[in-house]
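Visitor: Can you look at this prediction? I've put the sequence above it.
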Amino acid sequence: MLKKTEICEKISQDEQFKIKEKLETALLTLQALRNKSSELMRQCEKIRKLGSEHKGKVCSKCGDAIESGHEIIFKGSAGMQTRYYHKECFEELLVS
Ligand SMILES: [Zn+2]
C-alpha cells in the first residue's frame, strides 16, 4: 500500500502532467492563432494594396496603376470617359 506522501506525490505528478498537457495545448492554440492572425494581416495588407490600386489612376494603355502626379490625363469629350496614361505609354501612343 502506498504511503500518504507517495499518494500525494503521485497525484501531484498526475496534476503536473495534466497541467503540462494543458499548457502544451494552450501553446499550440496560441501558435495556431498567431499563424492565423499573421495570415489575416497578410490578407488585409493584400486587400489594402488592391484597394489603393483601385482608387489610384490606372493607365488605359498598359493597365498598370499610375503614381499620382505622373499621369497624363486625356479628357474625353461629352459622354466619353476620361483616360489616364503613363507618360511613356502616352508618348508611345502618339508615336504609333
Ligand atoms: Zn502605362
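Guide: Structure's in. What do you need?

Visitor: OK, contacts around the closest residue to residue 59 other than its chain neighbours?
Guide: Using CB to CB, 6 or more residues apart in numbering and skipping residues adjacent in sequence, the residue nearest residue 59 is residue 86, 4.9 Å away. The way it works is simple: take the backbone N, C-alpha and C, and place the C-beta from them, glycine included. By CB atoms under 8 Å, 6 or more residues apart in numbering, residue 86 lies in contact with 59, 61-62, 64, 66, 70-72.

Visitor: can we see that at 7 Å?
Guide: 59, 62, 66 (CB atoms under 7 Å, 6 or more residues apart in numbering).

Visitor: Check the average confidence over the longest helix anywhere in the chain, would you?
Guide: Longest helix in the chain, counting residues (DSSP state H): helix 4-55. Averaged across helix 4-55, the pLDDT comes to 84.

Visitor: roughly how far is that helix from the heart of the chain?
Guide: In this view, helix 4-55 has its centroid 20 Å away from the chain centroid, taken as CA atoms, centre = their mean, to the nearest Å.

Visitor: which is the next helix or strand following it?
Guide: strand 57-58 (DSSP states H and E).

Visitor: rewinding a little: pick the one among the contacts of residue 86 closest to residue 45.
Guide: residue 66 (21.3 Å; CB to CB).

Visitor: Does the closest one touch residue 84 like I think?
Guide: Yes: look at residue 66 against residue 84 with CB atoms under 7 Å: they come within range, at 5.7 Å.
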